[in-house]
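*Asks:* Requesting a structural model of the entry that follows:
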Amino acid sequence: MSVPNAFRFSIDRGGTFTDIYAEIPGEPGYRVLKLLSDNPGVYEDAPREGIRRILQETTGLPLTPEGFEAKDVEWIRMGTTVATNALLERKGARVGLAITKGFRDLLEIGYQNRPSLFDLKIEKFPPLYQSALEIDERVQALSGLNSATSRQTDATQEIVVLKPLDIEAVRAGLLNLLEQGVESLAVVLMHAYAFPEHERRIGELALELGFRHVSLSSQVMNRIKIVGRGQTCCVDAYLTPPIQRYIDNFRSGFKGDMPEIYFMQSDGGLAPASAFSGSRAVLSGPAGGVVGCARTAYDPQSPRPVIGFDMGGTSTDVSRYDGELEWRHESELANVHLQTPQLDIRTVASGGGSRLFYRNGMLAVGPESSGAHPGPVCYRKGGPLSLTDANLLLGRLLPEHFPKVFGPKEDQALDLESARNAFQQWFDDERPPLKDVEAFALGFIEVANEAMARPIREITLQKGRDPKDHILSCFGGAGGQHACALARSLGIQDVFIHRFSGVLSAYGMGLADVTEDRSQAVGEIYSADVMPELLGRLDAMSESASSRLRRQGSRRTEATHYLNLRFAGTDTALMVKLEEGVDLQDEFLKLYRREFGFAPEGKTIIIDDARVRVVGSSDPARKIKLPSKTEDATPVTNSSCYFREGWLRTPVYDLNDLGPGEKIEGPAIILQESSTILIEPLCRCRVTEYGDLKITVPLHAPEAVGAQVDPVQLAIFSNRFMSIAEQMGVVLQKTAISTNIKERQDFSCAVFDRDGCLAANAPHQPVHLGAMGEAVRKQMEVFGEDVSPGDVWVSNSPQMGGSHLPDITVVTPVWVEGKAAFYVANRGHHADIGGSVPGSMPPFSTSIEEEGALINSFRLVRDGVFQEEGVSRLLKGSRRLSDNLSDLKAQVAANERGVRLLQELALQYSLATVQAYMKHIQEAAETSVRSAVRRISLARHLEDVDALTAEDRMDEGIPLCLRLTLDRTDGSIVFDFSGTGPQSSGNLNAPQAVTASVILYCLRCLTLQEMPLNQGCMAPVRIISEAGTLITPNADAAVAAGNVLTSQRLVDVIFKALGVCAASQGCMNNLTFGNETFGYYETIGGGAGAGPDWRGASGVHTHMTNTRITDPEILETRYPVLLREFSLRNGSGGAGRFAGGDGLVREIEFLVPLDVSLLSERRDVAPYGLEGGEPGACGENWRIRADGRRVKLGGKAGYVAERGERIRILTPGGGGYGAP
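*Replies:* Numbers count the residues shown, from 1 in each chain. You can find the predicted model right below:
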C-alpha cells in the first residue's frame, strides 16, 4: 500500500492518558503522542488537542484550539472510557425505568448475591435509574406451563397477553417522570424478547412526549433473562446521552466538513459516531488492544493462538485469539449484569499502581491501587509503595528515559531515591526472611506475575487449551517489564511485543473492522425441519445490516451467521458459526466436549437465538517497515538490573536505533516511545522488519524451591492453590445440568492436604467451606488402604461431615508418586434426592429418613468407571434421577480438573515442596486468626484472658447460648455453646460440621484482610458443645433446616457477642415446590445488619449463603408458575444511626397443583439491633387462595397448592446500629 495522502488518527482515550497513533503523509509515516486525558486550563478535549498538535506540527500551519479545519483527515477512530467512567462513577443521564408491575426493584436486586463474600459492609452500587414507573401489563410465555411437569426444553414460547397495555395510564406516568427531570427512558417488560409490542408502543409514546433518549430492552439485546437484558437496557439509557454529548463536544472544535468518525465497540467492531450507544461502549478502550493484539501477533500463514496481556497502571486485561475474536454475552461490571456481545476480556486488579503489602509473613500485591493521584512513592506526591516502585528500585525503569511529568507541578522525573528509602525502611521494620531489600522488591514482582498468570490460565484452560501452546503478546505501559518472567511462569516460549506496544490499544483502533450486528430470539428445538425458515431469517438480518453499512459508505460487506445453542435444561450456550459443509450439531458437540470435557447423550439441543455479524470494507492502518541499518546497534547506555542472580550489567537500547534482524541477548532493556521492555537473562530477542520484537524464553527446569517457608513462594502457592479450586468451580458450573448448581451456584470446591485438611477453597458458599474437610477425612477412614488411582468417593451423611442431605460431596484422591498425596472435593446442592416432599426439604421432618437418600460412603468411580447402577440404587427415591446422575458426573469432572492441576504443580515444584507449602499456608492462616483475636480483645478493652457472652433463641423457643473466651496472650479463642437448647424434634438440628463452617466464616470476616481460608484458621479454636443439643444432634436427627436456618442464627449470636454488627435477616427463606416429576428449590435474600459505620444492604443474601436466584423469565419458562412480584420490602430494616437493610417481597402463582414447602426463621424473633439500634421486621409468609382469601403461614409450612393459588413471602429486614 502506498503512503496515504491524508491523515488518519487512531485514538485510545483512557482514564489517565490519551494515546494517539497517527498516519501522516511523508516520512516516517507515523506519529505517536501521549497526553493527559484531563488537563483543565490547558485544553478542553485531549483527542482533539492531539489531532491539532500533530496536524500543526506536520503541516506547519498554525491551528487554534478554539476551532480548526480537518479537511486533510481521512478518518478518526477512537476508543474511549467515557462510558466506563460514567458507569463506575455513576455520572450518566437522569434515567427513568418503565418496568412490568411487581418488578420495580428487580434490577436493583439483581440476582441477590453480594459482591464480596466476607465483607460485612456490603457495598452495592446505586441503581442507574432515579425513578421507576410500574407498567400494569403482563405477558405469559405459555408453552408447557399448563402441564404438571417442568419444561426441560423451554423452547418455542406461545405468548398470551394476560393484561393489555393501558396506553393512557402509561402516558400519565411518563409525564410524571418528565416533571421529575428524567431525560432518558429504559423500557423493560417481562418476556419482551418474545413479545416486543408493548415496549415498542411505550417507546414511541415517550419520544412523542419529549424524552431525549429511549432504550427498549427488546432492541438493545433481544435475549431471555430479564435481569441481564433489563440492566443492559438501563446501561444503554444511562450512558448513551453522555456519549452523544461527548461526541457533539468533540465535533464542535472542528470547522468545515468533518472526516469519518468511528468508535470502538465492546465487541471489537467499529461503529459510526451516530450509531455508538452506551450498552456497546463499556469495553471500548480495552477492545482496541485486543484487536491490535489479534491483528499483529497472530500469523494466519503459520497459525498459533495468542494470549493478549495488556498491563496498565491499575489493572491488567487478558484475552485470547485463535483466528477469530472470542466473545461472551454475559458479564458483570459495577454491580450491573451486561447481556451484550463483548470481547472475552478477563481483568485482574494488578498493575503498575498496585499497592504492596506484607501480612502475616506473606507478600501481597493489590487489589488496592495508588492510582494516578497520588500514585506510587516515586511519583513524588506522597503515595504508597506500589509495583512501579519495585520495578524502579530494581533498575527495570530508568528515570532519565521517562517523561518528566511527576511531582506537584508535573515537571519532575521519577524519584528513585524516595522509592529506595521507603523500601529500605519497610524492610528494616518488618525483617522478612529475605537476604536484602532488592530480594524483597523482586518478591513483590514475582507475586504480581503469579496473580496476572491466573486469568491467563483461566481463559485458556477453560477453553480446553494449554497456555504453553500460545504466543504471549504483551502491551500496555507496563507489559514489557513483566513479559519474560510471566512467559516463563506459564511455560510459554514465544513472546511478541509490537513496535507500538505502549499504545497498542490506540493502534488497534486503526486495524479494526466497521461492523453491524443483528440478533433475534429463536427458542426452537434444533432439527433439520427448522433450518430453512431460520436460514431465511438470517439472510434477512444480513441484508438489513449490510444495507446500513452501505449507506454509511462501505463498498463491500461480508456476513457471518451464528446460532447460540445449548442443551435443554441448561443455561450454558455456545455460539456456533454456520459454515458451508459443516454439520451444525457435530460442530456444537465438538465445541462442547472441548470446553467441558464431555457432552450429554440424548439431550435435546435448543437454539436460543440467531446472530449475524456483517463486516464492512475499510482501509485499515498500514504497517510501516523499519529502515535498514548498516551497522550493529550499540547501547545508548549501560545500566544495572537486579534479578534472582543479583545485580547484572544490563545494556540499554533505543528501539529506533535497531534495524531489521537485529538480535539482542538478555539481560537488556529496550526503550520504546511509550514503554520499557526488559529482556531477562538467557532470553533472546530479534527485531522484525516492522520493528516488532520476538523474544524466545528458554524452557528449563524452574529454580528449585525448598520446603523452608519463603514469603514470596508462600504468596505464589496460595495463588496457585486458590486458582485450582476456582477452576474446579468453573468446570462444575459449566458441566452441571441442574438450575441449582449451574444458575444458582449452590456449590463449593476445595483442595485438601494429604491428611484431608482444608488447604484452599474458592469463594463459593460459606456454609460448605468448613464442613468439607471433615467429609474428606471420614471417607479416608472408611476406605483406608482400599483405594486406587481412578477412585472417587461420594457421601452426604451428616455423621460423615455432611450438612444436609441435598448437599452431596464428591471426593477424589490425587495420586502423585504412587500415593494419595492430596485430595480435591466439591459439594453441590441437588434439587431432589427423594424424601417426603419434592425438593427434599421437608418442613416438618422429624427423622433423617424423611429427608431423602442417605449416603454414608460409596465408591462413585472405581478404576475410572462411573458406577451408575450402584449410585442409582442409592438415589432410587429421587424425582429427577437423570439430573442427579448428570450433576454427579459434573462433580467428578470438576475434581478431575483439580487432580490434573495439582499433579502438574507437583511435577513442576516437587511433591515435597507442594506439601510443605500447603502446611505453610495453613500456618499463615493460623497467624492471621491469632492476630485478629488479639486485635478484637484490645478493641473491646478486655483483660488478657476474658469472656464475652450472648444469647438468642430460635422461633420455636430453643435457646442459642455462647460464651467466647479470648486469650490475648496466645491469640486463642474458645466457643462454648453450653446452655444451648436440646436437639429439636423437628429439623432445625445443625450437624457439627455446620458449626465449624459458621466459626470459620466468622473468623475470616474478622481478619479484615485477604487471607487463605483453610484448616489453619481453626488451629487457635476450641469448640465446646454438649451432645444431644441443637448443634450436636444424634445420628437419626432431622437436619434439613439446620444447614440453612440454624447456621444463620449461629452467625448472629457470634457477632452479637463480639459487638461487630446488628443481626442480618438470620434466614435463607427456603422455598421448594414440585410434584412426583420434578422439584424446584430457591433461597430468598433479605436485609443485612447495619454496623458501626455502615447501613445494612437491602435485598441480598447474607453470611452463610450467597446463592443466586433464578431469573424470572427462566423461572416462568421452565416451571408452571408466574412470578407476580419480586421487590424490596420497604421500611423493614431496623431504624438506627445506621439503618438495617430492607427485606424482599416475593409472590408466586402456581399454574397447576403443586406440593409446596417452606422453611424459614425470624418469623417470631426479630433480628436484633445493636448499640441502641432498632430490630429489623420479622418475616411473614402468606398463602393466598385462588378466591383471594389470605392465610398466614408459620415459619415452616407444607401444603398442596391448587391452581391459581399464590404464596407471598416477606423476608426479614436487618437490625439497625446505634440509636436513631
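*Asks:* going forward, measure contacts between C-alpha atoms and count neighbours the same way
*Replies:* Fine.
*Asks:* ok, the closest residue to residue 1203 other than its chain neighbours - how many residues close by?
*Replies:* Distances taken as C-alpha to C-alpha, 6 or more residues apart in numbering put residue 1152 closest to residue 1203, at 4.5 Å, once the chain neighbours are dropped. Using other C-alpha atoms under 10 Å, residue 1152 is surrounded by 20 other residues.
*Asks:* Would you check that residue 1152 makes contact with residue 1120?
*Replies:* Yes - here residue 1152 lies in contact with residue 1120, judged by C-alpha atoms under 8 Å, at a distance of 6.4 Å.
*Asks:* so the residue nearest to residue 1203, which of the three states?
*Replies:* Secondary structure assignment for residue 1152 (DSSP: H, G, I helix; E, B strand; the rest coil): coil.
*Asks:* What pLDDT is listed against the most centrally placed residue in the chain?
*Replies:* For the chain, the residue nearest the mean C-alpha position is residue 332 (6.4 Å; C-alpha atoms, centre = their mean). For residue 332, the model assigns a pLDDT of 80.
*Asks:* Looks to me like it is in a strand.
*Replies:* Yes - under three-state DSSP, residue 332 sits within a strand.
*Asks:* and the closest residue to it other than its chain neighbours, what is it in contact with?
*Replies:* Of all residues beyond its chain neighbours, the one nearest residue 332 is residue 338 (5.8 Å), with distances taken as C-alpha to C-alpha, 6+ apart. Contact partners of residue 338, counting by C-alpha atoms under 8 Å, 6 or more residues apart in numbering, are 228-229, 231-232, 279, 329-332.
*Asks:* hmm, which two among those residues are most spread apart?
*Replies:* 231 and 329 (13.3 Å; C-alpha to C-alpha).
*Asks:* Between those two, point out the one with more neighbours.
*Replies:* Neighbours per residue (other C-alpha under 10 Å) separate residue 231 from residue 329, with residue 231 holding more: 26 against 18.
*Asks:* Relative to residue 239, how far out is the more buried one?
*Replies:* Residue 231 sits at a distance of 12 Å from residue 239 (criterion: C-alpha to C-alpha, to the nearest Å).
*Asks:* Look up phi and psi at the residue nearest to residue 1203.
*Replies:* Note on residue 1152: backbone dihedrals following degrees, to the nearest 10 are phi -140, psi 160.
*Asks:* now it: how far from residue 1075?
*Replies:* Distance from residue 1152 to residue 1075, by C-alpha to C-alpha: 10 Å.
*Asks:* Over to residue 433?
*Replies:* Taken as C-alpha to C-alpha, the span from residue 433 to residue 1075 is 62 Å.
*Asks:* These two - which one has more neighbours?
*Replies:* Neighbour tally, residue 433 and residue 1075, criterion other C-alpha under 10 Å: the higher count belongs to residue 1075, 19 against 14.
*Asks:* so that one touches residue 838, yeah?
*Replies:* Yes - assessed by C-alpha under 8 Å, residue 1075 is found in contact with residue 838 at 5.8 Å.
*Asks:* between these two, what contacts are shared?
*Replies:* Overlap of the contact sets of residue 1075 and residue 838 (by C-alpha under 8 Å, 6+ apart) consists of residue 1155.
*Asks:* ok so, going back, what is the residue nearest to residue 332 paired to in the beta sheet?
*Replies:* residue 331 (DSSP bridges).
*Asks:* mind starting the numbering at 51 from now?
*Replies:* Right, with 51 as the first residue, what we last looked at is residue 388.
*Asks:* remind me which residues of this protein are low pLDDT?
*Replies:* For the chain, residues meeting the criterion pLDDT under 70 lie at 51-54, 193-207, 422, 619, 621, 646-648, 750-754, 756, 1062.
*Asks:* Where do the domain boundaries of it fall?
*Replies:* Residue ranges for the domains of the chain, per automatic domain parsing: 57-136+300-326, 143-297, 404-496, 564-666, 687-746, 761-974, 1112-1270.
*Asks:* So which of the ones you listed has the densest surroundings on average?
*Replies:* Across these, averaging neighbours per residue (mean count of other C-alpha atoms under 10 Å) puts domain 1112-1270 on top, at a mean of 24.
*Asks:* and the end-to-end length of that domain?
*Replies:* From its first residue to its last, domain 1112-1270 covers 14 Å (C-alpha to C-alpha).
*Asks:* How far away from the center of its chain is that domain?
*Replies:* The chain centroid and the centroid of domain 1112-1270 are separated by 26 Å under C-alpha atoms, centre = their mean, to the nearest Å.
*Asks:* quick one: residue 1024 from residue 1071, how far?
*Replies:* If you go by C-alpha to C-alpha, the gap between residue 1024 and residue 1071 works out to 6 Å.
*Asks:* More neighbours: which of these two?
*Replies:* Set residue 1024 next to residue 1071 and count neighbours by other C-alpha under 10 Å: residue 1071 wins out with 21 against 17.
*Asks:* tell me the phi and psi of the more buried one?
*Replies:* phi -110, psi 140.
*Asks:* Spit out the contact partners of the residue nearest to it when sequence neighbours are not counted.
*Replies:* Excluding the flanking residues, the one nearest residue 1071 by C-alpha to C-alpha, 6+ apart is residue 1023, at 5.2 Å. Applying C-alpha under 8 Å, 6+ apart to residue 1023 gives the contacts 983, 1014-1017, 1070-1072.
*Asks:* again, only this time at 10 Å
*Replies:* By C-alpha atoms under 10 Å, 6 or more residues apart in numbering, the contact set of residue 1023 is 979-980, 983-984, 995-997, 1014-1017, 1068-1073.
*Asks:* ok so, going back, quick check: neighbours shared by residue 1024 and residue 1071?
*Replies:* Counting by C-alpha under 10 Å, 6+ apart, the contacts common to residue 1024 and residue 1071 are residue 1016.
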